[in-house]
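K.L.:
Predicted model and sequence follow; I will ask about them next.
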Amino acid sequence: MKDLRMPRFDCLKPVAVIIALIASIASPALAQDKAVPKSQIEMQLSFAPLVKQARGAVVNVYAERLVQTRSSLFAGDPFFEQFFGQRMPNRTEKQSSLGSGVIVEADGVVVTNNHVIDGADDIKVALADGREFPVKVVLKDDRLDLAVLKFETNEVMPTLPIGNSDATEVGDLVLAIGNPFGVGQTVTSGIVSALARNQVTEGDFGFFIQTDAAINPGNSGGALVSMNGELIGINTAIFSRGGGSNGVGFAIPANLVRVFLDAADRGEASFERPYVGASFEPVTSDVAEALGLETVRGALVVSVVEGGPAEKAGLKPGQVVTAVNGVPVEHPDALGYRLTTAGLGKVAELTIQQDGKQEAIPLQLASAPETRPRDIQLIEGRSPFAGIRAGNLSPRLAYELKMPSEVTGVVVTEVVRGSPAARLGFAPRDIVVAVNGEQIASVDDLQTMAESDPGFWRVEIERGGQRIRQIFR
């Protein structure tokens, strides 16, 4: 796919009286060049020229999915339920969702949120001029909540250049452009309220730009635009009890969008983040005091996987990662973000602090390895495990199943619907630890135990870090 990104917006034409402020709006500004309005004339300035250049690159995204629902007309009627049994008449419903997107490449490449298009059977984008185009999904990732779409066009489409979100500071003016509540393209303004926000969504990504620019349902996937006319974030989430904007909105930083887009342009089937081979926890005030840290921030190393990149780099439990490539790390989610945006195949320099000393160590950024064959097998027969598919865990399989990279053992990858295992409550990502006191180290071990007939089964599994013991007869 050709990279046809449009050049940066031309500078706005200033009026003599306000030339300094307009220049700061229209060109990349250093921190020392930024200024607050100092007069009534400056307060009356308009964002209109910037909006005119940016709005053409923001699109509406329409996603439709067909859902089979059981007819409620005769639900609960004993005669019809006895007659039809499990074959009660079903009906197909069409469910629609609405969001926004941003054209980032002039040949029709759009970035939006994954949750806007997830599960959709038909996706269209509508341009600012009202034209609609069907699109195909090039790449999507529910962990990052990003998706890249593509519509066919012979035109050179307007685009928003992707800016450097790391240059964004708290207090910077921003615009949010999207389609809230389906009312049509809407522009709101505000400031950057905070950076590096985590624990915002249920996903495992936790590094958001917070803004007070009004963001409402339908804004998802829309643009957060800087005063340079650059995309600095994809609007994603809001904190709201009633569904409306309360001035607390969140956007995925543009630097992560750029890395994700590059993966789509390379034709990759999925997006991968670097495998570290270690687990981390936030630094608390007690930990900071015990380790002699000046600030309560960083990622505390809890465990290190034997033979993994972290161990090879010299990372050890008890150390605190305070920066990546010289950029401070606020928490473990920020560490993951910095490593992801650094890119696979690169070497990241970690700043480590321990015992009051600070050192820099290189960490090779590579994909999660498959250290042992997964050997996924379907368990059959008359055992409690009949109907599960299980495999040997490795960092690669753990990554695919969204499990911690350090877990080991035999994992349930799938449970056949209606099978004995499903009726007994087995679920994907369960780790089978032991059966009748025998440790299960491989799928072959589980298969052998399933083929035996002990009369009763004493099973121990691990689910979400908790041990569960059960006896079946």
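P.N.:
Yes, it's here.
K.L.:
How is the nearest residue to Gly119 once chain neighbours are set aside assigned, secondary-structure-wise?
P.N.:
Leaving aside its sequence neighbours, Gly119 sits nearest to Arg65 (C-beta to C-beta, 6 or more residues apart in numbering; 5.2 Å). All C-beta spots, glycine's among them, are computed from the backbone N, C-alpha and C. Three-state secondary structure (criterion: DSSP: H, G, I helix; E, B strand; the rest coil) places Arg65 in strand.
K.L.:
Test for you: state the pLDDT assigned to Arg65.
P.N.:
If you check Arg65, the pLDDT there is 81.
K.L.:
just Thr322 next, same as before
P.N.:
Listed pLDDT for Thr322 reads 94.
K.L.:
in the regular element (helix or strand) spanning Ile461, what's buried?
P.N.:
For Ile461, the element it lies in under DSSP states H and E is strand 457-463. Using 16 or more other C-beta atoms under 10 Å as the burial criterion, the residues of strand 457-463 that qualify are 457, 459-462.
K.L.:
okay if I get those as CSV plus pLDDT and distance to Pro37?
P.N.:
As requested, the buried residues of strand 457-463 are arranged in CSV below (pLDDT from 0 to 100; distance: C-beta to C-beta, whole Å):
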residue, pLDDT, distance to Pro37
Trp457, 90, 73
Val459, 94, 68
Glu460, 94, 66
Ile461, 94, 62
Glu462, 94, 59
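K.L.:
List just the nearest of these to Gly425.
P.N.:
Using C-beta to C-beta, Ile461 comes nearest to Gly425 of the buried residues of strand 457-463, at 9.8 Å.
K.L.:
was I right about the closest one contacting Ala427?
P.N.:
No: in this structure Ile461 lies outside contact range of Ala427 using C-beta atoms under 8 Å: 9.3 Å.
K.L.:
Report all helices and strands that the strand holding Ile461 contacts.
P.N.:
Counting contacts by 3 or more C-beta pairs under 8 Å, 6 or more residues apart in numbering; DSSP states H and E, strand 457-463 is packed against strand 431-435, strand 466-472.
K.L.:
Gly171: which of these is closest?
P.N.:
Distance to Gly171, taken as C-beta to C-beta, is lowest for strand 466-472 among the helices and strands packed on strand 457-463, at 43.8 Å.
K.L.:
Need the residues that contact that closest one.
P.N.:
Strand 466-472 has contacts (C-beta atoms under 8 Å, 6 or more residues apart in numbering) with 384, 424, 433, 456-462.
K.L.:
just the helices in the stretch 301-450 of the chain please.
P.N.:
For the stretch 301-450 of the chain, the helices defined by DSSP state H, counting those that start in this stretch occupy 309-313, 332-342, 395-400, 420-424, 443-451.
K.L.:
so which of those helices comes closest to Leu293?
P.N.:
helix 332-342 (15.0 Å).
K.L.:
these two touch, right, Gln354 and Val321?
P.N.:
No: in this structure Gln354 lies outside contact range of Val321 using C-beta under 8 Å: 10.4 Å.
K.L.:
These two: who's more crowded?
P.N.:
Using other C-beta atoms under 10 Å as the criterion, Gln354 and Val321 rank with Val321 on top: 27 against 14.
K.L.:
ok now do that one, which residues does it touch?
P.N.:
280, 298-299, 301, 315, 329, 335, 350-352.
K.L.:
Going by neighbour count, which of the residues you listed comes out on top?
P.N.:
Ranked by neighbour count (other C-beta under 10 Å), the contacts of Val321 have Gly298 at the top, with 28 neighbours.
K.L.:
and the most centrally placed residue in the chain, how far is that from Asn114?
P.N.:
Nearest to the mean C-alpha position of the chain, by C-alpha atoms, centre = their mean, lies Leu144 at 1.2 Å. Separation of Leu144 from Asn114 (C-beta to C-beta, to the nearest Å) stands at 7 Å.
K.L.:
now swap in Arg374 and tell me
P.N.:
Separation of Arg374 from Asn114 (C-beta to C-beta): 26 Å.
K.L.:
Let's verify the residue nearest to Ser189 when sequence neighbours are not counted: helix, strand, or coil?
P.N.:
In space, Ser189 comes closest to Leu175 once its chain neighbours are excluded; the distance is 5.4 Å by C-beta to C-beta, 6+ apart. Three-state assignment for Leu175 (three-state DSSP): strand.
K.L.:
what's the burial count for Leu175?
P.N.:
Applying other C-beta under 10 Å, we find 21 other residues in the vicinity of Leu175.
K.L.:
Just list whatever residues bridge to it.
P.N.:
Applying DSSP bridges to Leu175 gives these bridge partners: Ser189, Val225.
K.L.:
Right, I'll call it a day here.
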